[in-house]
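# sequence plus predicted model, see below.
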Amino acid sequence: MGFFDSEIVQQEAKQLFEDYQALIVLGNNYGKFDREGKKLFIDQMEALMERYRIFMKRFELSEDFMAQMTVEQLKTQLGQFGITPQQMFDQMNNTLERMKSELEKQP
């Protein structure tokens, strides 16, 4: 069975995408959130990024050809912006850390 034939992989991919889309829509109103709402949003984004990091690690560790092609496509796409997948995760983490830092400065 191929990597993408797995019902578990398909469900996790679908759930990650749906959760990401929902957080992006929600994030459009981030500036209007109270302090607790901002903390909750940051926590949810961190959890989503960790789920995504684990999901991508599964691709990297898989010997399935399509999984390896997916990893290479991601590397190629990010490479067009001059970054690696690790740098992408680091930048996302740095952004969330900045958001937390700014939140701590607020009264």
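In hand now; what should we look at?
# output the below-cut-off pLDDT ranges for this structure.
By pLDDT under 70, the weakly predicted segments of the chain are 1.
# how many neighbours does residue 38 have?
Other residues near residue 38 come to 18 when the count uses other CB atoms under 10 Å. C-beta coordinates here come from the backbone N, C-alpha and C atoms, glycine included.
# buried sites along the lengthiest helix in the chain?
What stands out as the longest helix in the chain, according to DSSP state H, is helix 35-61. For helix 35-61, a neighbour-count test (16 or more other CB atoms under 10 Å) marks 38, 41, 42, 45, 46, 48, 49, 52, 56, 59 as buried.
# list the contacts for the fourth one?
By CB atoms under 8 Å, 6 or more residues apart in numbering, the contact set of residue 45 is 23, 27, 96.
# out of those residues, grab the one that's most surrounded.
Among the contacts of residue 45, the one with the most neighbours (other CB under 10 Å) is residue 96, at 16 neighbours.
# need the helices for the protein, in chain order.
In the chain, the helices defined using DSSP H lie at 7-27, 35-61, 65-79, 85-105.
# and the shortest one, how far from the chain's centre?
Here helix 65-79 is found 16 Å from its chain centre; the criterion is CA atoms, centre = their mean, to the nearest Å.
# give me the contacts around that helix.
Contacts to helix 65-79, defined as CB under 8 Å, 6+ apart, come from residues 2, 3, 4, 56, 58, 59, 60, 62, 84, 85, 87, 88.
# was I right to think the fourth one contacts residue 85?
Yes: shown here, residue 56 and residue 85 form a contact pair, counting by CB atoms under 8 Å, at 6.6 Å.
# ok, the closest residue to residue 83 other than its chain neighbours - how many residues close by?
Setting aside the residues directly before and after it, residue 83 is nearest to residue 91 in space (CB to CB, 6 or more residues apart in numbering), at 7.2 Å. Residues near residue 91, counting by other CB under 10 Å, number 11.
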